[in-house]
Each structure stands twice: as C-alpha cells, then as structure tokens.
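Q: I'd like to go over a predicted model; first the sequence, then the structure.
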Amino acid sequence: MADYELILFKNMAKTGYDGSLKAYQQEGGYAALKRVLSDFSPADVIDEVKKSGLRGRGGAGFPAGLKWSFIPKDYKGPRYLCCNADESEPGTYKDRQLMERDPHQMLEGMAICCYAIGAQKAYIYIRGEFDLGAEILNDAIDEACTAKVLGKDIFGSGFNLEIVVHRGAGAYICGEETALLESIEGKRGKPRIKPPFPAIHGLYQEPTVINNVETLANIPHIINKGASWFAGIGTEKSTGTKIYSVSGHVKRPGNFEAPMGVTLREIIYDFAGGIKGDKQLKAVIPGGASAPFMTPEQIDTPMDFDSIKAIGSMLGSAAITVMDETTCIVWAAMNLMEFFHHESCGQCTPCREGSAWILQILRRIENGLGEETDLALLEELCGRIGGNTVCAFGDAEIGPILSTIKHFRAEYENHIREKCCPLRPKARLAMAH
Amino acid sequence: MKLKTLSEKTVKRIEAEYTKYPDKRSVTLPALRIVQEDNAHISESAMADIATLLGLTPIQVYEVATFYSQYNLKPVGKYFIQVCKTLACSLVGAGSIVDYLQEKLGIAVGETTQDGLFTLKLVECLAACGGAPMMQINDRYYEGLNPERVDRILSDLKKYGTSDLATGPFMLPVMQG
Amino acid sequence: MSFASESTLGDGPLKTMSELVTFKVNDIEVSAPKGMLLIEAVKKAGVEIPHFCYHPRLKPDANCRMCLVEIEKMPKLQTACTMPVAEGMVVQTTSDSVVASQNGVMEYLLGNHPLDCPECDQGGECQLQDFGHQHSKLGSRFLEQKRVFPKEYFGPLVEKEMNRCVSCLRCVRYCDEVMGVTALGSFDRGNGTQIGTFAHGELDCEYCGGCIQICPVGALTSRLSMYENRTWQLKKTDTICNYCGDGCSLILEGVKDDITRVSSETGAGRNRGDLCARGFFGYGAINHKDRLSRPRLNTKGRTLEVTWDWAFNKAAEDLKKIVAQHGPDAVGGVISTHCSNEEAYLFQKLMREVIGTPHVDSTARYGYINALSALNEVFGTARLSHYEDIRSADVLLVVGADMAESNPIAGIQVKDAVRAGAQLITLDASSPERDTYYSHLPSLATQHLNIRFGTEQSAIIGLVKALFDKGIASSAPRKLVNQIKKKVAVISFAEIEATTGLTENSYRRAAQTYAGAEHAVMIVGRGVIQSEGGYQNMLRLEELSILAGQVGREGAGILPLASENNAFGVVESGASSEYLPGLKRQEAKPKALTLLEMIDAAAEGKLKALYLVGADPLRNLPQKKVADALSNLDLLICQDLFPTETNAHAHILLPAASFAEKSGHYTNHEGVVQKGHQAIEPVGGAKPDWMIFSILSNKIKEETTLPYFKLVGYRSADEVWKEAVMAMPNDWQQNSKEAISRHVAAYAEHAEIQYALQTPRASNGVMDLQLGQNRYHAGTTSRYAEGLNRLLDCECVVIHPDDAEALQLEEGERVRLSSHLSGASVELPIQLSQKQGRGALFVPEHFGLSVKGLLPLTIDRESKVPYGDRGPVKLSKVAASTQVKG
Ligand SMILES: Cc1cc2nc3c(=O)[nH]c(=O)nc-3n(C[C@H](O)[C@H](O)[C@H](O)COP(=O)(O)O)c2cc1C
Ligand code: SF4
Ligand code: FES
C-alpha cells in the first residue's frame, strides 16, 4: 500500500496528540496565522489560496480562493465567515474527526480566512447531534482566546476575531449553504433563492463566505508550505489531499487521507481492506448519498472532481459507501429516498411532492407491488426535479434513483416481474418509519 | 413582558446567548435547545416564552421548533435512544439492532418504556458511518453496535446513568495504512 | 402632493425602472422597464406565465416552480418570478422543456390534492383549476395513498383545508410582509409541511382577510360565506368601503338583493387591494334583518307604517307648516358623514334653497370639521398629501392616531414606508409595546414620543419650540416665525416636561428628524382632531409643518385621518354650517347653527323642526339634554338604516338605502374623490338619501298632490353629481404650490397665535379614560355585521397588563368605572393590551351609551365641536367574570 504524506491527519497520527492548544502549537500551530497577520495583506492571502488550487471539500468543489475574492473589497458593513460543520451528507464523518481530534487546525484556518475577507466574526455551524464536537470546539475557542491567538488583538496585530459555535438541531438541508444561513438567523432551514449569492447578501444580508471544515483546515498548511507545494499534491485540477470516509461492506471502515486522484479501487481494497467476507463488490457511492451509484467496472476511476464527474457521478464529500453482492439495489435506493424524503425542506413543489411520490413507488416495487410502467414514471418524475428546484437537494435526491435504474435496471425489472425482492425473499419493510 | 413557564435559570442561560449574534432572532435555535436541556421537552408555553424573550411572535418559534428533528415537542424517556437507519448503518445491521432493542425494551419504535426510562426512535444519518451500526443516546454516540454491546450500554445506563462504551473523539481507523 | 389616482403596486422597486429594455418572448419583441420581473414584463406581449407563489404584492419566493421558462444562454430553466428582464433576452414560455416542467409541477400538485372542486368555495376562481386546465395532461398517474390533513378552523372566520394547499406561502408572506402581523407560519417539514397558526390554535389577529384573498386555491376560505354560492354566479360591483376615511375600493359580490361576500382586486384603488377586517368581513350589516324597510309615522303614541307617498306628503306639509308659522330659521338639518357627496349637496340645497334655512350641518361636527377648517384656513385646501407621499416619505410624523385601529389601510402605507427605510415618529400616550398578533405603529417607530395622557396640545408646543434650534425653513413667512418665536420663548422645556413627561431632548430629536427630512408627511389622528382644543391644535401642527418646510411641496404634507368614509366630502359638498359647496365660507344671517347649537335651540324652543339624516345625537351628546330637546320639537324627521335611540323619537322615520344600494361619490381623507356603484336593489322599501331629498324638495316646492314618483326630479345620482361639481370652484380638486404659499402668507398676516400649556395634573387615584375606535368596528353600523361581531361583540375596558396586575385584575374580569364628577358608573369586563398606556383606560365607542355619561363635555369655542371622549374615572373591582372576545 502506498505511503502518502499526511497533511490534515498529520498531528493526530502522532501518538499522544490530544488536540489541545499546547499540543497544536508544539507542532507549529498558529504560526501560519501569526505570519499572515504580520507579513500578508488580505489580498496576498487570497492570492496564495487561489494559487494553491484548493477546491471546496463540502461537495461542490468550488475554488476556495475565488470564493473569498467575491467579497466586496470596499464594503463598509460587517462580513462573516461561516464554517460548514453540518456534516450531514450520509456516509460522511470526516469533519467530525477533524473537529474532535485537532480543532485548532480548523480554527486557525478560519482565522486566516477571516483576515483575508475582513471578517471579525465567524460562526461554526455544527450539526446538532455533535454534542462532543461542540464541547471540544467551545473549549478550544476559549483556550485560544485566553492565549490571545484568537479573540481581541490577535498576536498584537490589532485584528479581532470572535468565533461562535452555532449548533444545528437535526436537518440535513442546513448543510446547504443558504439554508445554513437561515438557520443561524433563527429560522427554518429553507434554502434561499440565488442570486443574490452569499458573497454579496449572506448572513444577515451581509457579505459572507461559507466553507467546509476540511477546506478551512487546509489553509494553515497552504500558508506554511506555500501554494505550489499544495498544488503539487493530487491532480492538476484537484489539488491537495482528501479525506475519504469509507463505510458499508468493507473490512476496515474509516477516514483515510490520501491525495486527490487515488483510485476508488485503492481506497476500497487497500485502505479499507477490501470487501467484508471477501464477497463481490456490487455497487459503490463515491461521494455521499447525493452522488450517483458507480459499478465495479468503474472503480479504477481516479477520485478527483473532474474524473468522477466524467463518468456520471460526483466526488461530493468523498464519502464512499460500499455495497456487496448481497445488497438489494432497489432497497438501497429506497433507503436513500427515505432519507431525502425525510430531509426535504418542503418549500419547492418538485422536491416536496416528488420525493414522497418517488418513495412510494420504490416502496411498492421493493414490496413486490411494482407496475411495468413504474420505471419510466420514476425516470420522468426524477427528470422534473433535476435542475428545477430552489436548491441542489433536488439534483441530489434523484442521483441514486436515476443511477440505479441506469446501472441496475434488470434488478428493478426483476422486482416488478417476480412481484418480490429477489434478494430478500421475505421482504419486509425494514426501517420504514 | 411576563413569562409563563421558563425558570429564571433557563432565562439566564438564554440571555447569555444574546451577545453571540447581532440579531436576537438568531437565539431561537440555542433557546430551544436550552429549554429542552432544562425541561426534557419543549412545551407550547415554553415556545411562547421564547417568543416573548426574543421579540418574536410565537408562530415564528413554532415554525422553527417543528422544522428541526431534534426538538422534542412531546416528553421522551430519560434515555432517548436514536438508532441510525440510513444506508451505511442499514447495510451492516442497523435493522437487527432495532429488532433487538425493540424486543429487549418491549417497545416498538416511537414508544417509551413504562418506567419512562427509554424511548426508541429511528433517525437519519448521524455522521458516524465508519462506526456503523450506531445509535445516539442523549448527548453521546455509541458505535460498532452488536447485541452484547447494546446489553452493556443499557445496563450501564440503568446502573450508572452513563456508559464508558460511549464514543469519544473519533478514532477509526487508528491510522491510515 | 402627488396626484395619483391610478393604482401603483410595489412602487418601491418600480421607481428606479425608468430605462427601457427590449427582449423577445415566444418570438414577440417587447420592451419593458429594465429590471422588471419577467413574469410581469411578458404580460405586455399578452403572455401569461402560470404561477402560484408569485404575487405582485409580495417579495418573490420562487417556491412553486410553476413559472419556469427557458431563457437563451442559460443552462437551466429559470423562474420568471425572480428573473429581471434584460436587454436582448430571448425567452420561451411554450417550448417542450417548459411545457414538460409545467405539466410536471401540475401533476405533482394535483397528486395529493383532494379534487373536491364541486364543493370548494374557491371553485371558479382557483388558480389550480385555471392553470390545471391549461397546463396539465389528462389523468394522473398518482396511484398512491393521498396525504390527508384534518380540516381546521383558524378561529371564527377562517377555514383551513390543508389538503387543498399548494404551499405557496402567500398567506404566510402576506401576514408578515404586508400586515406585519406574522400570525401565520409554515410548520413541520418536507412533504408534511403545513401552514397554520401557533400550535394549531385560534387566530388572534387583525383579521384583515388578506390570507383568504391571497390564497390562490381553496385552502383558506371565509367561514362567513361557506358553501353558499358558486363564485361565477355572483354579481360583482366595484364600490368604496363605507366605514372609515381610508377610501378603500372593494368589490361587493352578491345575488339579487343579497351581498354574500366582499373581495378586492390586487393593486386596485387607494388600498391597492388590501383590506381590513371591517372592509372584508363587515358586509353583514347590508342585509341585516333589522334594516328599516318602510316609512313610519309616530303619532299620538303609536307607530304606523305608511307608504312613501304618505310619508312624503306628511313631511312636506309639516315642514311647510312650520316654515309658515315660525319662519324657515325654525328648521335645521344634520346629515351623516357616511352619505355621498351628491346626498350632502342635495341636502344642503334642500335646507338652504328649498326651505330657506341656514341651519345645516353634518356629523363632521363631532370632530373632523376641526381638521378641514384648520387646513382650509391656513392653506386654502385640505388636500395636502396622498398615500403615495407616505410611501415615499423618508420621515413620517404620526400625531394622536392609533392607525392600526382607526385607519388600518392608511396604516399599511406607513408600514410599507418603514419597511422601505422611512423613519417613523409617533406621538401619543400609548405604550410602544405591541400585542402579539396586532400591529402597533409605535412599536415600529424610530422615535415614540410617549406623552402623558391628553397632553398633545403641550407636546406640540414642545415640538415647535425645539424646531427653533434646528433652523426654520426659509419658506416660512417671517411674520409668522417671529410671532411664534416670541410665544414659545416664554414657555420653558421644564414646564413642557412637567406636563407631557417628555424631555427637551426627545423634542429636539424629533423636531430635527422631522425638519431635516427630505419629504416628511405628518399624519394627524383623533387624539388631536377630536380632542379638546382640536381646532387650535390642528393650527399649531400646521404651523409646525410650515416652520419645518414640510408642506406645500412635492412629497411632503399633512394627512388628517377621518374615521368616517365621507367626512371630507360631506363638508366639501356644503353640508356644514360654515361652508357652502367647495369649502366657501358662508356668512349667513341669522348665523347658521351648528349641530349642538341646533340642539340648544330646540331645547329653548327656537328651533321647531329638525331633519336628521343618519345622525344619532343621543349617542354622541349628553343624553338628557338631547332627549329634552328632541321632545321639545314640533317635527323630527329621521332618515336611517337602522332603528336608533334618536330616531325612536322621530315623528317621521324614513328608511334609507345603504351604500351598497346606491351610486355616489365619496371623498376620502386624502381628498381623493371616488365613485361607488350600486350593487343591489335597495333592501326592503328603502330609498337612496339623494332620491328622498330630491322628491321631498319637489314636494315642498311644487305644492303638489302628484304621487311622489312623478316628482323624482334627478333621475340618477350622476345627474346630481354633475350639478354638484358645477357648484364647486373650478380648481376644487387641485392645489398648487403657489396657491398654498399665497394662503400661508395671508394667514401669516392675520394669524393670532395662542400657545397655552396645559397644567400638569396629579393622578390622585383616578385613571384616564379614552373612548375610541376598535379595529373591528366603525361607528355603530358595523355592529350589525355578523362577521365583525364574531370578533368583538361587546363593550370592554382595555387596560395595560401591568396596571391590571397592580389592581389584581384578570382578563375578562368585570370592573366598575365611575365618575366622581357625575356620580354615574358602568360595569364592564376588562381586556388586557400591552399597547395601552399605563394609567389610562380605553373603551371602544361602538356599544353602550352609558359609558359616555362618565365623561365631561366641553365645546370648542371656535369650531363648536363637542369633546366628550376623554376624562378621569375611578376603576374598582366587582365580582363574577365573563370572557371577552377579540
Ligand atoms: C443538500 C445539500 C447538503 C449539503 N450538506 C453539506 C454539508 O453537510 N457540509 C458541507 O460542508 N457542505 C454541504 N453542502 C455544500 C454546501 O452547500 C457548500 O457548497 C459548502 O459548504 C461550501 O464549502 P466548500 O466550498 O468549502 O466546500 C451541501 C449542499 C447541499 C445542496
Ligand atoms: S429542492 Fe428540496 S430541499 Fe431544496 S429548497 Fe426545494 S424543497 Fe427544499
Ligand atoms: S411563481 Fe415563480 S416559482 Fe412560483
């Protein structure tokens, strides 16, 4: 197995590393912030991040430096950074590890970003169930403020930054950046219509940057070692490393850090130890529940934004869920649709009505009550959601359905023809709420 | 501005959140959480009180309280068991964990045991897919579940109110490679 | 002072849309103002884009996705409701992909819809039906279980059928964005999302009916007219609301002679389609069973129903007899401010020309005359500002008005302005807190000048005095400035504070904001106009606006709020002791008597006959005195819709048609003249007032025995209107900067300005009682409206919760109010309200008569307005409690 350089996991890979401020500083922590505050102009920082090629790790892969540069320079009012720690994409659990094991790494990244965009206040939007993560972050912020590496007059530079941990309360959709803003504002997590984009009218209608935890955690390293070092890792258009969260039918599930562009095969068979019970691989989701399914034939595709997109799926959060030969694909699609149905915010018609309808059809098919016309209907119903909704959730929820129909049509047809689930003869409505 | 339900302590905790936001309305989520922590569930009059505190109309609080799945608007047991049922967990046996819990506690999903100790609920992905199957009980995660571990956890909770099987900072795998 | 009578919706953003762009829709080239929303812009090409969530009165929300269109060079379909048009845009609204998505949205929406159109009250005016018809394929493929929500009621007037809802949130957004009430919300999530009230409870809101009207489907419907009619069978008639002075356009809908519902057209009228509870739910009075239907005579202790012929003959003969015996001066007449301009004109003509008496007056004498005369005196006009000015003003000064109660639609203009960034200064004795689901302007104010009860007069002095430091507008005549300066110099801020409770600083800040505004509009309410010193106080406020330079120029001005729909018009049409038509002062000999003077003259036996049209002095003036006077009359003719305490004394009682049953012009408090149309035939045997006057005039003049229908004279209200307009000065609806400054200059020459500070009053155990208007009622007619009674059907006394607590009183508990002056007392249940000023009580004036008896009456020296709405009372607990609604 290849031995890759760790960046984000480097500290925590050391035995005894406890993520405290002291431990972090011993590993050179907050040096990047200090340097930025004394030697860099905000524009320099943005430039450096742009040059590094760092793309957002939250799912969409938008270039981080470019996003920061959209914040109006001459704007007089407040600006905000929101760190997206909602980690709500099924299969994903990497940000949790970054926050729980090395919180200062991401706090330092946030501070650098705030300096670059001129924000004096930042919110960490952490999913409500992460009690432990929230405690750890709050302690880390207190620690950092006491040590004056955060808070008022950081490193005597005159730069102030207050970081607030804002806890969600159970809503996947709040990972969507504008729903996240609404949620911080104390409202229902309903995605906003765009434009305007958050860089112009974001939190409290002020210019706002939203970045994922992992994206921000990379920043101190880019400053420390330089943009070109970072750009040299990974592929040309997907630079740096990525944390791959592996789950499902693998021998050794977990978070693995490796460069962008390693193949799915390497991740599944080397890092995660291969399929449990050495069964056959049947399907894999490469980027969280929103990413279309891939087949065993496709697992030599490099895990970078563009290669995965090219084969019709998406890198997303790089959360890899592996399914072996015993998995019923219709059931898997139904399971994910249950998730999306439960999590749709409900504001726009296609998603609100479509998710429920599609789920009911899948339940019928899985329970042996499918009709010949159902597959065409499913495809049509999905087609009316894709691209037509307020937010990208609509595109996300149809990914699993369309891709499973595309790759595993026969299995659907079997269900309909045999009037039962061939893989689960005593099909029961497992897990129906 | 008279409050109907909230205790002085709860109000103090809510007021401590004000400084974190430029706008009081932002305290809606923290306030609901605090009320739930202090009272186990969020009653209608508590929501009305939050509205009064934050200068909102009660419906504005109600809208939020009913949107997010973590808020309990009805009482739940002392230990609120939420088992993840999303794909990664279901692939590796969440279903049998639920069956096991139902049988062991003698309740169906959505119910509370007669002694008021346990409520069982299914939830969507809690971002612990590497430790699947998993569940959350009150503010802690329990991962890598199997019947034996579930037994231990339940008896620990009954006896001590906590269990050392609760997951700490996420460790899996111990390291890459 | 803009003169817009055309409707403008959402005029905020439109203002900046001067530049035109050219774009193509379905290959038709159109031009539209740059930035206009596509969904509006394509209308010019005759294209309608189907939509549910879009509504011109609301901010775009783009949630229904019905309006998706294809725009060249854009990768995805775009929502036309959020897309501004741009130069060169090429839009397709009927391409395959657009049609597919429209069919898709329709099929999604119809999937769970109950399709209960045959019994749905929205049937026939339902956007789901309409767009479904055009954009939906036949047959649904939705074979699954439909989602079912139980039916709910939002309180006594609104039914919610969630299964019909399309989740467009128009109701929720209207309640929040327009009304600022925020009583509705959406709750739960995803496919289970519902709209509703807090915890499924009863609505406890302003009941503007906006949620019902803006719902594109039958999810929210009125419980007042449930399952009664199919909408297309209803005849719809445009008219003007008959309740308050806001001048709202509304549509009466009914069959034959029955009004069964009210609606309004989006964007139409002074109200731009918005209505209040009275307008929307208050139509029940029209067809109320207690309406007078036949003429009656009271003779020798008996009441006889008679024919119109008989009644006309009797009235004419009796009037002529009195004129012959005592001279025409022995006759007087008073007309209600709910009558039309035509009617007021004909009435004054009947009195002045046919009978020959100068004694004609209207119920504007109860207060509104103060505003009209004071404005006319100083500016030569009372038309000084319009709703458009309010909406575009940067500063609003609202003095002595509780607009959410008295003039809700004018209040909406203020709310719109505040939302657009205007600064709001309110001056009254209410507390700035609001009740949960009721709007209250002081709670939105940037500065609330929270004066002590009844000290408006002194507070105005404070504002004027403070203005002198800010610098006086150069347009203010020197002579006036100097005179005022001298007067205020001798009054100290310490004295003003001792009276009003407000510090020098508050006055300075407010004066500075007001005078520093680019365009300020001053809005004056009953707290000034209809309260002691009203006439003089109004003059002082006008001087304030002159000193601040906030009058007599574009966008700035004064709006005097009227509680009755035609107070302005009735006076302007000449039904007033001091004015001939067109606000021309009349110098009559003998001097014309005002309303109260007529009562006095009757009591003294000098006035022998009184003709009361919709006037009910027993309600408004000291009862004993009025009763004595009325019984002293040889002839009392009353003309009314309903039996009243006053018309019980009538010798001849004539049943009048309501506004729904006649056409006529009405002038709202902006001075905008609008025509109301007849919707139904007069109920019972009633006749329009104008027709009665016309016939009676001919009867008297022509000494004839012809049957009345041969004596009709004017054949229609329009014919009267033509004549009435001719009686007005040429430029009666116009005003010009020049004319105004000429008048101001003239006023400055002769003005004798008095500033009198009120003396601070110790509270010594008494509370201040104010009578006034409740948002669900207007005058007393509204009490016949079933819909409004469901909201408030009895008298109560409103008190601040803190005061109630201190007195250990609870909501609904009965208390006794007593007057230490008259010794009278009444028992009423209490109602708590946060906005009530502490130490002060409020009783809605629409119910019993006895509460009036607690209050002292004073008469304005100049305008002869009787003030009897305020005074000190003692409040004490009594046993047993009942609940009050509303
Ligand atoms: C339905 C939906 C859910 C999302 N959930 C998350 C999430 O849990 N965490 C996250 O970082 N980004 C999530 N995103 C992506 C965010 O909208 C946003 O793109 C991201 O936070 C930007 O940060 P980045 O540029 O650093 O990736 C989600 C997007 C959608 C449409
Ligand atoms: S697509 Fe779904 S989640 Fe996104 S805004 Fe629409 S209803 Fe909400
Ligand atoms: S009208 Fe545009 S999305 Fe509803």
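A: Looks like it arrived, so ask away. Ligands and ions are numbered 1, 2, ... in the order given.

Q: I'd assumed A:E413 was in contact with A:E371.
A: No: look at A:E371 against A:E413 with CB atoms under 8 Å: they stay out of range, at 11.6 Å. C-beta coordinates here come from the backbone N, C-alpha and C atoms, glycine included.

Q: which stretches of chain B have low pLDDT?
A: Low-confidence segments of chain B, defined by pLDDT under 70: B:1, B:172-177.

Q: B:F118 contacts B:I81, doesn't it?
A: Yes: the criterion here is CB under 8 Å, and B:F118 meets it with B:I81 at 5.9 Å.

Q: and the two? which has more neighbours close in?
A: Between B:F118 and B:I81, B:I81 has the larger neighbour count (other CB atoms under 10 Å in any protein chain shown), namely 27 against 24.

Q: check which helix or strand covers the more buried one.
A: Assigned by DSSP states H and E, B:I81 belongs to strand B:79-84.

Q: And that strand, what does it pack against?
A: Under the contact criterion of 3 or more CB pairs under 8 Å, 6 or more residues apart in numbering or on different chains; DSSP states H and E, strand B:79-84 touches helix B:94-105, strand B:118-123, strand B:135-137.

Q: closest one to ligand 1 among those?
A: Between ligand 1 and these, the shortest gap by CB to the nearest ligand atom is with strand B:118-123, which sits at 15.6 Å.

Q: so does that closest one get close to chain C?
A: No: Strand B:118-123 does not reach chain C (CB under 8 Å from any CB of the partner chain); its nearest approach is 13.8 Å.

Q: can you list the residues that contact that strand?
A: Residues from elsewhere that reach strand B:118-123 (CB atoms under 8 Å, 6 or more residues apart in numbering or on different chains): A:170, A:431, A:433, B:69, B:76-85, B:98, B:101-102, B:105, B:107-113, B:136, B:154.

Q: Run through the residues you listed and flag the ones next to ligand 2.
A: Filtering the contacts of strand B:118-123 for proximity to ligand 2 by CB under 6 Å from any ligand atom leaves nothing.

Q: List buried members of those by neighbour count.
A: Among the contacts of strand B:118-123, those classed as buried by 16 or more other CB atoms under 10 Å in any protein chain shown are A:170, A:431, B:69, B:76-85, B:98, B:101, B:105, B:107, B:109, B:112, B:136, B:154.

Q: Could you find the closest non-adjacent residue to the residue positioned nearest the centre of chain B?
A: Centroid check for chain B by CA atoms, centre = their mean gives B:N138 as the closest residue, at 4.9 Å. Leaving aside its sequence neighbours, B:N138 sits nearest to B:F80 (CB to CB, 6 or more residues apart in numbering or on different chains; 5.8 Å).

Q: what is the one you found paired to in the beta sheet?
A: On the basis of DSSP bridges, B:F80 is bridged to B:T119.

Q: Tell me the spacing between it and ligand 2.
A: According to CB to the nearest ligand atom, to the nearest Å, B:F80 stands 26 Å off from ligand 2.

Q: so what's that residue up against?
A: By CB under 8 Å, 6+ apart, B:F80 lies in contact with B:N72, B:F118, B:T119, B:K121, B:I137, B:N138.

Q: Identify the residues contacting the first one.
A: Spelled out, it's B:N72. Going by CB under 8 Å, 6+ apart, B:N72 touches B:Q36, B:A40, B:H41, B:I42, B:F80.

Q: For burial, what's the neighbour tally of the first one?
A: Which is B:Q36. Counted by other CB under 10 Å, the residues lying close to B:Q36 total 19.

Q: helix or strand for it, which one?
A: Per DSSP H and E, B:Q36 falls inside helix B:28-39.

Q: Mind giving me the packing neighbours of the host helix or strand of C:A324?
A: Assessed by DSSP H and E, C:A324 sits inside helix C:308-326. Contacts defined by 3+ CB pairs under 8 Å, 6+ apart place helix C:308-326 against strand C:296-299, strand C:331-335, strand C:609-613, strand C:635-640, strand C:652-655, helix C:689-702.

Q: and C:E87, how far is that from C:K76?
A: Counting by CB to CB, to the nearest Å, the gap from C:E87 to C:K76 is 21 Å.

Q: Quick one: name the residues of chain C near chain B.
A: With the criterion set to CB under 8 Å from any CB, chain C comes near chain B through C:181-189, C:197-199, C:433, C:436-437, C:801.

Q: For the residues you listed, which two are the farthest from each other?
A: The largest separation in the residues of chain C next to chain B, counting by CB to CB, is between C:R189 and C:P801 at 35.0 Å.

Q: With neighbour numbers in mind, choose between these two.
A: Neighbours were counted for C:R189 and for C:P801 using other CB under 10 Å; C:R189 has more, 25 against 19.

Q: Measure how buried residue 34 is and give me the count.
A: Defaulting to chain A. 16.

Q: try again with chain C
A: 17.

Q: which regions of the stretch 151-300 of chain A sit below the pLDDT cut-off?
A: Using pLDDT under 70, nothing in the stretch 151-300 of chain A is flagged.

Q: for it, what spans make up the helices?
A: Listed in chain order, the helices of the stretch 151-300 of chain A (DSSP state H, counting those that start in this stretch) span A:177-184, A:213-225, A:227-231, A:264-265.

Q: same thing with the stretch 251-400 of chain C?
A: For the stretch 251-400 of chain C, the helices defined by DSSP H, counting those that start in this stretch occupy C:277-281, C:308-326, C:341-349, C:368-379, C:387-392.

Q: What are the buried residues along the third one?
A: For helix C:341-349, burial by neighbour count (16+ other CB under 10 Å) applies to C:N341, C:E342, C:E343, C:A344, C:Y345, C:L346, C:F347, C:Q348, C:K349.

Q: gap between the last one and C:P760?
A: Spelled out, it's C:K349. Applying CB to CB to C:K349 and C:P760 gives a distance of 49 Å.

Q: for the first one, same thing?
A: Between C:N341 and C:P760 the computed distance is 44 Å (CB to CB).

Q: again with the fifth one
A: Between C:Y345 and C:P760 the distance is 47 Å, computed by CB to CB.

Q: Quick check: closest non-adjacent residue to the residue of chain B found nearest ligand 2.
A: Sorted by distance to ligand 2 under CB to the nearest ligand atom, the residues of chain B start with B:F67, at 11.1 Å. Among residues not flanking B:F67 along the chain, A:R188 sits closest, at 4.3 Å (CB to CB, 6+ apart).

Q: Domain-wise, how is chain B divided?
A: Domain ranges of chain B: B:8-67, B:79-160, per automatic domain parsing.

Q: For A:A32, which of these is the nearest?
A: Across those, closest to A:A32 is domain B:8-67 (CB to CB), at 26.2 Å.

Q: ends of the closest one, how far apart?
A: Using CA to CA, to the nearest Å, the end-to-end distance of domain B:8-67 comes to 27 Å.

Q: how far is that domain from where the chain is centred?
A: Offset of domain B:8-67 from its chain centre (CA atoms, centre = their mean, to the nearest Å): 17 Å.

Q: Done for today, thanks.
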